[in-house]
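# below are the sequence and a predicted model; questions follow.
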Protein chains: 2
Amino acid sequence: MNIEMIRAAALRIKDHARLTPLLSSPFLDKIAGRRILIKPECLQHTGSFKFRGGWAAVSMLSDDQLMNGVIAYSSGNHAQGVALAAKEHGAPAVIVMPSDAPKIKVDNTRALGAEVILYDRATQDRDEIGTRIAAERGLTLIRPYDDPQVIAGQGTVGLEIAAQSAAMGVTDAEIAVCCGGGGLTSGIALALAADAPRMRVRPAEPAGFDDVTRSLLAGTILSNEKLSGSICDAIITAQPGNLTFPILQAHCGAGVVVTDDDCLRAMGLAFERLKIVVEPGGAAGLAAALFYPDQFEGDTVIAVTTGGNVDVPTFRRALETL
Amino acid sequence: MNIEMIRAAALRIKDHARLTPLLSSPFLDKIAGRRILIKPECLQHTGSFKFRGGWAAVSMLSDDQLMNGVIAYSSGNHAQGVALAAKEHGAPAVIVMPSDAPKIKVDNTRALGAEVILYDRATQDRDEIGTRIAAERGLTLIRPYDDPQVIAGQGTVGLEIAAQSAAMGVTDAEIAVCCGGGGLTSGIALALAADAPRMRVRPAEPAGFDDVTRSLLAGTILSNEKLSGSICDAIITAQPGNLTFPILQAHCGAGVVVTDDDCLRAMGLAFERLKIVVEPGGAAGLAAALFYPDQFEGDTVIAVTTGGNVDVPTFRRALETL
């Protein structure tokens, strides 16, 4: 896993992924007490950054592998990212999704042409299911974060942040990144270590599911006690990945833990001040930057709003915070 | 009024306005039966394209004019655009706003440092009020659309559409633009006539306030019978401008008329499929492209979602359409 893989992924993705802008609002700066920039990956194809990793991985497959098809397991955003990347490569896709995933994510994944297989998050192991079906049906498994090409694809967000912020004269900043298994977080960290060494990534997680924060403090991989019970479904994973954790250790600052209510408030402010739609798990980084300013250093925090695939009832709750 | 003024405005704006991306969704393509691209100017500073015209006009003022300050009248978006442009130039700003403008727009204009003067849309003439206060207080009046530099600033949206769509291989398209007084519509039309001559602008208006559509058909400026009664407050004007109408006549295709309900549905779909927040008047172009496909020609329609400054109750109505 190295910066050249991220640069190569950026070249493959260039005409396919969307170059999301950097947003800002003086009203958000005022809340945080410093300059806040927002990288809205909710505006990416399929509504999250996951399209980048999906495309980066699928675009490396051989013709035979593409013909046989791919399989992924995902709470929804990786599912859609892989499904669209596969479709655009003419490859069939099977997606293993938890039965409690937001309906919009399941529906969208099917609409993108994928076969969806549901599993019970509490009692079944998705990696076991994915590995087994991959073997039975000759599919290539694309893991959501512990895959070098997926990390490379997500890392293109970091290359863009470095270039876009430099164009604005910003070279020193902390980057608040919503963190599940750590694919995006580690990819951005690697990209910034190369292209913006005075920037530092800070993983953001929901309270009760702060495996990365605790693992970084302990210096070893720790797990969450449970795998459900937060509205931040997109970033609930058992523990940091075996590939991603050493990268997080090498390059990231301390994690920042936020509550579900913080995420709803950040979603409301993103609606009001940025005119973007963010899902709960995609708002954790912005919530950290806005509501926990004492945990950050420096004049500028760049928050990545990682996804926007939110059901209407949950979005209504966010509007109620305004 | 010519293309060189738009190119000059683009140079002045370059490091200040946001380069909004082109968005898309296969789900919207399916509804419209053709490729739909969206230029989300709701993501512009102050939540609408109006910042471009405000900046273009204010950046042309002399030091003396800046010291004395500027005045603008506006239902809200031009107000915020001028207020922020004035603030960034260190100039005081007075904004004349209708008393029924959405609260968020009045609050935001004040928060941007402007002095707000409210008037009654039904009984008072905003141009008379603006002209009078400008004379009394030595302020420079920046009109919302009948001002060459404002048109030039809005026209930078057209330069970007031409460049961004060409990069995607799109050179033939119709452009659905929400149209009030015609500043944005005429600016885009002029820009495309120069940089993308195979693209054609189509003004979109709310039913009952279709002055531009009727004026284009009649070949002369016609007025609306009333000035309130639509949720599309941002694009309700009495009639096309004296500067803008000849440009619209020379370069635009026929207008497309949509209902308030169409705009709410388009707002809901923009939430669901694009993850952007659009206000009713800013959704008219997208509503035209999605729900009146027979009124357009060609494989591609590019809709400009012009603003996102919507109150929560109105946005809730849009969510109810999903």
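Sure thing, it's come through. Numbering: from 1, shown residues only, chains lettered A, B, ... in the order given.
# now do the helices in the stretch 101-250 of chain A.
For the stretch 101-250 of chain A, helices defined by DSSP state H, counting those that start in this stretch occupy the ranges A:103-111, A:126-137, A:148-167, A:183-195, A:211-218, A:244-251.
# so which of those gets nearest B:M67?
Smallest distance to B:M67 across the helices of the stretch 101-250 of chain A (Cβ to Cβ): 31.0 Å, for helix A:148-167. (Each C-beta comes from the backbone N, C-alpha and C, glycine too.)
# what residues does the stretch 151-300 of chain A have near chain B?
A:271-272, A:274-278 (Cβ under 8 Å from any Cβ of the partner chain).
# quick one: which of those residues is nearest A:V257?
A:V278 (18.3 Å).
# so how far is B:Y292 from the closest one?
Here the criterion is Cβ to Cβ, to the nearest Å. By it, A:V278 lies 31 Å from B:Y292.
# show me which of these two is the more surrounded one.
A:V278 (35 against 17; other Cβ atoms under 10 Å in any protein chain shown).
# contact partners for the more buried one?
A:V278 makes contact with A:40, A:42, A:266-267, A:270, A:286, A:305, A:307-308, A:310, B:275 under the criterion Cβ atoms under 8 Å, 6 or more residues apart in numbering or on different chains.
# could you rerun that using 6 Å?
A:42, A:267, A:270, A:305, A:308 (Cβ atoms under 6 Å, 6 or more residues apart in numbering or on different chains).
# same list (those residues) but as TSV, adding neighbour count and pLDDT.
Below are those laid out as TSV (neighbours: other Cβ atoms under 10 Å in any protein chain shown; pLDDT from 0 to 100):
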residue	neighbour count	pLDDT
A:C42	29	98
A:M267	30	98
A:A270	30	98
A:T305	32	98
A:G308	29	96
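# filter the residues you listed down to the ones in helices?
A:M267 (DSSP state H).
# of the contacts of A:V278, which is the nearest to chain B?
A:G308 (3.3 Å; Cβ to the nearest Cβ).
# and that closest one, how far is that from A:S230?
Taking Cβ to Cβ, one finds A:G308 at 18 Å from A:S230.
# do the same with A:L290
Look at A:L290 and A:S230: by Cβ to Cβ, they are 18 Å apart.
# and the pLDDT for the residue of the stretch 151-300 of chain A found nearest chain B?
Relative to chain B, the nearest point of the stretch 151-300 of chain A is A:K275 (3.4 Å; Cβ to the nearest Cβ). Looking at A:K275, its pLDDT reads 98.
# and it, how many neighbours?
By other Cβ under 10 Å, the residues close to A:K275 number 29.
# how many other residues sit next to the nearest residue to A:A101 once chain neighbours are set aside?
Closest residue to A:A101 apart from its sequence neighbours, by Cβ to Cβ, 6 or more residues apart in numbering or on different chains: A:G76 at 4.7 Å. Per other Cβ under 10 Å, the neighbour tally for A:G76 reads 28.
# what does A:S228 give?
Using other Cβ under 10 Å, A:S228 is surrounded by 11 other residues.
# and A:M60, by the same measure?
A:M60 has 18 nearby residues by other Cβ under 10 Å.
# show the pLDDT at A:S75.
74.
# with A:G158 instead?
98.
# any idea how far the residue nearest to A:A101 lies from chain B?
A:G76 sits 14 Å away from chain B, going by Cβ to the nearest Cβ, to the nearest Å.
# one step back: ranking the helices of the stretch 101-250 of chain A by burial, who's on top?
Mean neighbour count (mean count of other Cβ atoms under 10 Å in any protein chain shown) peaks for helix A:183-195 among the helices of the stretch 101-250 of chain A, with a mean of 28.
# that one to helix A:244-251, inter-axis angle?
40 degrees (axes from the mean of the first three to the mean of the last three Cα atoms, to 10 degrees).
# list the contacts of helix A:183-195.
Here helix A:183-195 makes contact (Cβ under 6 Å, 6+ apart) with A:3, A:6, A:49, A:145, A:150-151, A:154-155, A:157-159, A:162, A:177, A:179, A:199, A:201, A:203, A:244, A:247-248, A:251-252.
# run the chain-centre distance for the lowest-mean-pLDDT helix or strand in chain A.
Lowest mean confidence among the helices and strands of chain A (mean pLDDT, DSSP states H and E): helix A:103-111, at a mean of 87. Its chain's average C-alpha position is 18 Å from that of helix A:103-111, according to Cα atoms, centre = their mean, to the nearest Å.
# who's in contact with that helix?
For helix A:103-111, contacts defined as Cβ under 6 Å, 6+ apart pick out A:76, A:79-80, A:83, A:95, A:97, A:116, A:309, A:311.
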